[in-house]
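[1] Need a 3D model of the following:
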Amino acid sequence: MSAWLEQFLVRYPELALFLVIAGGYWIGSFKIGAFSLGPVTGALFAGLLVGQFAHVPVSGMTKSFLFLLFLFGIGYSVGPQFMQALKRDGLKPILMALVVCLTGLATSIVVAKALGLDPGFAAGLMSGSLTNSASMGTATDAINGLAIPETDRARFVAHIAVADAVTYIFGYAGVILFCTVVVPALLKLDLKTEALKLEQALGMTRAKPGIASAWRKFELRAYRLPEGSPLVGLSAAAAEARAAEHRLFIHRLRRADRIIEAEPGTSLQAGDVIALSGPRQIIVELVGPRGEEVEDQELLDIPLSLADVLLINRKLAGTSLGEASEQDWTRGLYLRSLRRGDQEIPVAGGVVLQRGDMLRIVGPESVVERAAAQIGTIVAPSTNIDFIVLGLAIFFGGVAGVLLSFTVGNVKISLSTSVGTLLAGLLVGYLRTQFPLFGRIPDGAVSLMTSLGLAAFVGLTGIHAGPIFLSALKESGIGLLLGGVVVTLVPQIVGILFGHFALRMNPILLLGALTGSQTVTAAMAAVQERSGSPVAVLGYTPAYPVANILLTTWGTIIVLAVAG
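    Below is the predicted model:
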């Protein structure tokens, strides 16, 4: 049976790849606390296992195709945040990302040379210790471009997977432990207290201890104004201003048998039945005990709209949510969620809006349309992929990567097709914020490109390395594992010292930026869990896209530095 299965996998390598992908996602699904291998590293281990069992042939073109799709997808998804990160006020997290990434590269090169590692082991040491699997692909491209015998190229490429597998686990878990246990102990921080202080500075409120309330369900109800009501005689705008902090709005009212649209200057009279919208909890606790609720289906039959709006307006970018909420066009409008890249941002008055943010707004249809015109453009769900832009961007990005090169010392560095494709994705992603209908790719398609593309590429790398995994592991010895510990921790130590003493960052934002600087989303989630607050994401989001791009390109540089 085993011999038949081995022959089957060798004969049908495409089926072996699907087996590795499924196995990778299964392995990556297991969690120990906040730690899990994730599907990409899971695919690496699954590929190593299959490679141990059968010498499955690996197509170089298939690997390159999958990796280029991944690179374009990751560039496309972080493009708006990356470009804005270079221009916006979130400079401290960006500086943190630069320092941590440069320290990681320098430490990797020093450790690799001290241990006498070949370019493959060196690249895998860096990709695993800094938990950036994408750099395995750029390192592979760089190794394939070296003027060395083909057998050496194949061996070095296999060594990337071996070293990554050895160093990844501590690289991942080490960042989680450092940010949630070591740093709070060193700086004598109470994460929950610090998070609460930051929330208060941002204008956030908590529904109950330990839970940050960023959004509550909004409702529309009808209440009759009795004689003697403090609202009688006031205009709709003046009545709303009495509870401005709760965002209660009067949309329309019934007077006798007539329904009247409530303009800001509309005067309220005793006996009017008003259609009032606001957070459910506020309506129940503040309005309910003081007013007579009326069931008026006709009055409450107000067309409501829910829309995702991409922030493009340069005048709105850079303003806080609190400032934006005071604009006339926000009357009757509610913000359900705010997303920056693939991360949800807490909704609070002090949070600053940035170009490329995605705002989910709800309110009367006319209000939503008016607000969308002020914010940017409504992004309607679409299943169409602009394959023309996709194909041409990858082609011209790859061409530019091959043609563009520069010299550092005695080393000539070419951008390579992989880095060129990554930059093309960044450009198209950024242009999407300028021209929303240009190069549209649905989120589901981007997710498939980034998750499946990288998992399949890494799985193929594992299959290729499987036959020599044990012998290469013996060759590298315990030094590779210990070197990985050094490469993981040194950037974290330098980063925390730089952020705390030089940048004087808020402790919670510092930890968020530190996790983003090594692209460990699970570490950011662990900080959120320990602090009982989501605010660490505000430090994470500026650092993550910058670090993701830098760490990916480091794969090329470390190969050339060690080989030279």
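
[2] Val546 contacts Leu98, correct?
    Yes: between Val546 and Leu98 there is a contact at 7.0 Å, judged by C-beta atoms under 8 Å. In this view, the C-beta of every residue, glycine as well, is placed from N, C-alpha and C.

[3] And the helices in the stretch 1-150 of the chain, which stretches?
    For the stretch 1-150 of the chain, the helices defined by DSSP state H, counting those that start in this stretch cover 2-11, 13-28, 38-53, 60-85, 91-115, 119-129, 134-144, 150-177.

[4] Can you tell me which of those is nearest to Gln374?
    Smallest distance to Gln374 across the helices of the stretch 1-150 of the chain (C-beta to C-beta): 18.8 Å, for helix 60-85.

[5] The closest one versus helix 150-177: what angle between them?
    40 degrees (axes from the mean of the first three to the mean of the last three C-alpha atoms, to 10 degrees).

[6] How far off centre is helix 60-85?
    14 Å (C-alpha atoms, centre = their mean, to the nearest Å).

[7] tell me what that helix is packed against?
    Applying 3 or more C-beta pairs under 8 Å, 6 or more residues apart in numbering; DSSP states H and E, we find helix 60-85 packed against helix 134-144, helix 387-403, helix 416-434, helix 443-447, helix 453-465, helix 537-563.

[8] Among those helices, single out whichever gets nearest to Gln297.
    helix 443-447 (36.9 Å).

[9] who does the closest one touch, helix- and strand-wise?
    So helix 443-447, by 3+ C-beta pairs under 8 Å, 6+ apart, packs with helix 60-85.

[10] Which residue, other than its chain neighbours, is closest to the residue located most distally from the centre of the chain?
    For the chain, the residue at maximal distance from the C-alpha centroid (C-alpha atoms, centre = their mean) is Glu227, at 53.8 Å. Computed as C-beta to C-beta, 6 or more residues apart in numbering, the closest residue to Glu227 that is not its neighbour in sequence is Ala270, at 4.8 Å.

[11] Could you confirm that neighbour falls within a helix?
    No: per DSSP: H, G, I helix; E, B strand; the rest coil, Ala270 lies outside any helix segment and is coil.

[12] ok, it - contacts?
    Residues near Ala270 by C-beta atoms under 8 Å, 6 or more residues apart in numbering: Leu225, Pro226, Glu227, Gly228, Ser229, Val232.

[13] least trustworthy helix or strand in the chain by mean pLDDT?
    Within the chain, confidence by mean pLDDT, DSSP states H and E is lowest for strand 211-213 among all helices and strands, at a mean of 38.

[14] quick one: buried residues of the helix or strand just after that strand?
    Counting by DSSP states H and E, the next helix or strand C-terminal to strand 211-213 is strand 218-224. Within strand 218-224, the residues scored as buried using 16 or more other C-beta atoms under 10 Å are Phe218, Leu220, Arg221, Ala222, Tyr223, Arg224.

[15] As JSON lines, those with pLDDT and distance to Glu475 would be great.
    Output for the buried residues of strand 218-224, formatted as JSON lines (pLDDT from 0 to 100; distance: C-beta to C-beta, whole Å):
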{"residue": "Phe218", "pLDDT": "75", "distance to Glu475": "63"}
{"residue": "Leu220", "pLDDT": "87", "distance to Glu475": "69"}
{"residue": "Arg221", "pLDDT": "90", "distance to Glu475": "72"}
{"residue": "Ala222", "pLDDT": "91", "distance to Glu475": "77"}
{"residue": "Tyr223", "pLDDT": "91", "distance to Glu475": "78"}
{"residue": "Arg224", "pLDDT": "91", "distance to Glu475": "83"}
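
[16] Go through those and name the one nearest Val487.
    For the buried residues of strand 218-224, the minimum distance to Val487 (C-beta to C-beta) is 48.7 Å, reached by Phe218.

[17] Count residues in the vicinity of Ser267, would you?
    As a burial measure, Ser267 scores 12 neighbours (other C-beta atoms under 10 Å).

[18] show me the residues around it that make contact.
    Ser267 makes contacts with Gly233, Leu234, Ser235, as judged by C-beta under 8 Å, 6+ apart.

[19] which SS class is the first one?
    Applying three-state DSSP to Gly233 yields a three-state assignment of coil.

[20] on that earlier part again, can I get the helices and strands packed on helix 60-85 in JSON lines with mean neighbour count and mean pLDDT?
    Listed next are those as JSON lines, based on neighbours: other C-beta atoms under 10 Å; pLDDT from 0 to 100:
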{"stretch": "helix 134-144", "mean neighbour count": "27", "mean pLDDT": "90"}
{"stretch": "helix 387-403", "mean neighbour count": "16", "mean pLDDT": "91"}
{"stretch": "helix 416-434", "mean neighbour count": "24", "mean pLDDT": "85"}
{"stretch": "helix 443-447", "mean neighbour count": "15", "mean pLDDT": "85"}
{"stretch": "helix 453-465", "mean neighbour count": "28", "mean pLDDT": "85"}
{"stretch": "helix 537-563", "mean neighbour count": "26", "mean pLDDT": "90"}
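
[21] To Leu198, which of these lies closest?
    Taking the helices and strands packed on helix 60-85 one by one with C-beta to C-beta, helix 537-563 is closest: 8.3 Å.

[22] Alright, calling it a day.
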